[in-house]
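Trainee: Quick one: sequence and predicted model below, then my questions.
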Amino acid sequence: MNILLEKILKKNGFNTVSEDISIFTNELKSEYFIIENYPKKELINFFESDITGNLIQKFNKLQKNGDNNNIQKNTTLFILVKVENIKNAYTELVNNLILVEEDSYYFRKFVILYTDESLQNLENMENLQDMYKLLDKDINNFEKDMFFNDTYYVAMELLIKLPFFKIKNSNNKYLTIEETYRNEKKDEIDNRLLDIFSEDRKYVDILSNVESTDSIIEEIFSLFNVEE
């Protein structure tokens with residue numbers, strides 16, 4: 001998995017920064033990616049793990065280098081976890097995955113679960129557009145069961161979590177896979193539901209500042225563009 005991810009990064013203009021840590025950056029040094037392997041038990045104990053401690057020590061040392069001014073705010077850690085069965089591992093580790101990925105201390109964190117079998121058809125697929133073609137063929141199967149195929153699951157993980165991956169749509173615009181799925185795969189109702197979740201901060205503001213029930217209703221309706 002390390003080799004595949006390194007190939008993808010290099011293919012997209014990211015090169016090694018340090019010999020002490022597997023970290024890559026682009027020519028502008030505007031974004032950084034760290035690759036680190038974690039056994040399953042170390043992921044469960046991520047915040048107390050010696051792997052994490054050693055990684056942070058090396059990261060702090062690298063921060064002191066004047067050539068890497070953007071490293072503190074623009075670093076993503078890819079946590080690679082080899083498992084025997086992706087579906088079983090995901091079910092077992094889902095709370096740990098959420099806990100780790102939602103923690104913003106030091107750097108963004110993305111966990112990639114994979115098996116040896118899942119990499120067999122991906123080893124030479126550093127071209128992300130080729131990987132996307134693989135996904136595009138079986139999106140209906142994925143929507144029914146996201147664990148229907150290990151290779152497909154790993155490819156989907158990578159394309160969703162690699163921020164520089166863009167898809168050229170019919171209007172010749174480049175979008176992330178999330179934006180593409182949102183715009184092309186979802187109907188209007190589903191898009192409205194996604195918008196609702198992005199409005200949660202507004203709900204808090206409304207409920208904190210209104211003076212009457214009628215005012216609450218009016219404000220909430222305004223978010224949905226609904227007339228009373």
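Mentor: Done, it's in. Numbering: from 1, shown residues only.

Trainee: quick one: pLDDT of the most centrally placed residue in the chain?
Mentor: In the chain, the residue lying closest to the centroid (CA atoms, centre = their mean) is Lys161, at 3.0 Å. With respect to pLDDT, Lys161 has a value of 89.

Trainee: What of Asn183?
Mentor: Asn183 is given a pLDDT of 49.

Trainee: go on, Val154?
Mentor: 94.

Trainee: Would you mind measuring from the residue nearest to the centre of the chain to Tyr90?
Mentor: Distance of Lys161 to Tyr90, given as CB to CB, to the nearest Å: 15 Å. C-beta here means a position set from N, CA and C on the backbone, and glycine is covered the same way.

Trainee: Now do the buried residues in the lengthiest helix in the chain.
Mentor: Using DSSP state H to define each element, the chain has its longest helix at helix 86-102. Going by neighbour count (16 or more other CB atoms under 10 Å), the buried part of helix 86-102 is 86, 89-90, 93, 96-97, 100.

Trainee: got those as CSV, with pLDDT columns?
Mentor: As requested, these are exported to CSV (pLDDT from 0 to 100):
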residue, pLDDT
Ile86, 95
Ala89, 95
Tyr90, 93
Leu93, 94
Asn96, 93
Leu97, 92
Val100, 94
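
Trainee: these two touch, right, Leu80 and Ile112?
Mentor: Yes: assessed by CB atoms under 8 Å, Leu80 is found in contact with Ile112 at 5.3 Å.

Trainee: Now do the longest helix of the chain: which elements does it pack against?
Mentor: helix 40-44, strand 75-82, strand 108-114, helix 150-161 (3 or more CB pairs under 8 Å, 6 or more residues apart in numbering; DSSP states H and E).

Trainee: make it 7 Å
Mentor: Helix 86-102 sits against helix 40-44, strand 108-114, with contacts defined as 3 or more CB pairs under 7 Å, 6 or more residues apart in numbering; DSSP states H and E.

Trainee: tell me the most buried of those?
Mentor: Counting by mean count of other CB atoms under 10 Å, strand 108-114 has the highest mean neighbour count of the helices and strands packed on helix 86-102, with a mean of 20.

Trainee: just checking, what packs against that strand?
Mentor: Applying 3+ CB pairs under 7 Å, 6+ apart, one finds that strand 108-114 makes contact with strand 75-82, helix 86-102, helix 150-161.

Trainee: can you put the ones you listed in CSV and add distance to Lys11?
Mentor: Converted to CSV, those look like this (distance: least, CB to CB, whole Å):
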stretch, distance to Lys11
strand 75-82, 15
helix 86-102, 25
helix 150-161, 12
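
Trainee: can you tell which of the ones you listed is closest to Glu126?
Mentor: helix 150-161 (10.6 Å; CB to CB).
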